[in-house]
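1. I need the structure of the sequence given here:
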Amino acid sequence: MRAVFSIIVLVVIATGLALSLAAIPFGAAKTQVGDHYIADGREDTGATNIVTSVVVGYRAFDTLGEITVLFVAAVGLGAVLAAGGRTKERGAVEPASLVLTTGCRFLFPLMLLFGAYVFIHGHLTPGGGFQGGAVVASAFLLTYLGCRGRRVSGVSSTLAESLSGLVFVVIGLVGLTVGGGYFLENFMPHGVLNQLWSAGIIPVIYIAVGFKVGSELAGVIDSLIEETA
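-> Next up is the predicted model:
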């Protein structure tokens, strides 16, 4: 019975992959799609950054899948460490060097500010939610290395991760309801091109992605940190 069920699942997955691949444009059609993104991307989405108009506009649903993969990876890592019986026992911590300690104290807020700038301005300049979130997570990594003994609050990290993911999904559902029947439809006004408040839902999504990626990567780093007595 198990073998039959496995074969059915494989057939369903193979069928889904075949249908997805068949829908991908090839040849001249693929060129037309790319030309449309370049020629009409700014007008369609209101984003100056064409890469952003594709990632969080035309294929925003795929971006939702990417952050879901990151979430599953973080949960899987936590499950593996929990299954291994690892506990976080805090004892005497070996102090870091003067360079790392000084860098931790002065650079941490600046790195957070820069990460926020990257994902808030993702629709205007190169960058976005994933890049800004990675910068935010690197600030916490510097804290773990330089200001040893400090840890990110698990409750705050989980809350930020959950709320940001919820915002992403809710925006998609609102677009499905009032934006023409499409999930993640850009239903907000596009505003003035090259202005901060422009591009409709794209900046809001990037802020949510930045918080989610930053909190998840910081949680992964926290799970892998080993304290030395």
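2. show me which residues of the helix or strand hosting G65 are buried.
-> Assessed by DSSP states H and E, G65 sits inside helix 60-83. Neighbour counts using 16 or more other CB atoms under 10 Å place 60, 63-64, 67, 70-71, 74 of helix 60-83 among the buried residues. All C-beta atoms are positioned from the backbone trio N, CA, C, and that covers glycine.
3. looking at those, which is nearest A96?
-> Of all the buried residues of helix 60-83, A74 has the smallest distance to A96: 25.6 Å, by CB to CB.
4. contacting residues for that closest one?
-> 216-217, 219-220, 223 (CB atoms under 8 Å, 6 or more residues apart in numbering).
5. check the gap between it and F130 for me.
-> According to CB to CB, to the nearest Å, A74 and F130 sit 14 Å apart.
6. before we move on, back to that, nearest to T15 among the buried residues of helix 60-83?
-> The closest of these, once distances to T15 are taken by CB to CB, is L64, at 22.7 Å.
7. so P126: helix, strand or coil?
-> Of the three states, P126 takes coil under DSSP: H, G, I helix; E, B strand; the rest coil.
8. helices or strands up against the worst-scoring helix or strand of the chain on mean pLDDT?
-> Within the chain, no helix or strand scores below helix 28-45, which has a mean of 79 by mean pLDDT, DSSP states H and E. Contacts defined by 3 or more CB pairs under 8 Å, 6 or more residues apart in numbering; DSSP states H and E place helix 28-45 against helix 50-53.
9. what about the helices in the protein?
-> 2-22, 28-45, 50-53, 60-83, 98-120, 129-146, 154-178, 202-224 (DSSP state H).
10. and stretch 34-46, how far out from the chain's middle?
-> From the chain centre to the centre of stretch 34-46 is a distance of 23 Å (CA atoms, centre = their mean, to the nearest Å).
11. now do stretch 144-158
-> With CA atoms, centre = their mean, you get 20 Å for stretch 144-158.
12. could you export it as PDB, CA atoms only?
-> Extracted in PDB, the C-alpha atoms of stretch 144-158 (Å, rounded to 0.1, in the frame of the first residue of the first chain):
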ATOM      1  CA  TYR A 144      27.600  37.200  19.100                       C
ATOM      2  CA  LEU A 145      31.200  37.400  18.200                       C
ATOM      3  CA  GLY A 146      32.200  40.700  19.900                       C
ATOM      4  CA  CYS A 147      29.700  41.100  22.700                       C
ATOM      5  CA  ARG A 148      29.700  37.500  23.900                       C
ATOM      6  CA  GLY A 149      26.900  36.400  26.200                       C
ATOM      7  CA  ARG A 150      24.300  38.600  24.500                       C
ATOM      8  CA  ARG A 151      21.500  36.800  22.600                       C
ATOM      9  CA  VAL A 152      18.600  38.000  20.600                       C
ATOM     10  CA  SER A 153      15.300  37.600  22.400                       C
ATOM     11  CA  GLY A 154      13.600  34.400  21.200                       C
ATOM     12  CA  VAL A 155      10.100  35.900  21.700                       C
ATOM     13  CA  SER A 156      11.000  39.100  19.800                       C
ATOM     14  CA  SER A 157      12.600  37.100  16.900                       C
ATOM     15  CA  THR A 158       9.600  34.800  16.600                       C
END
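13. sounds good, over and out.
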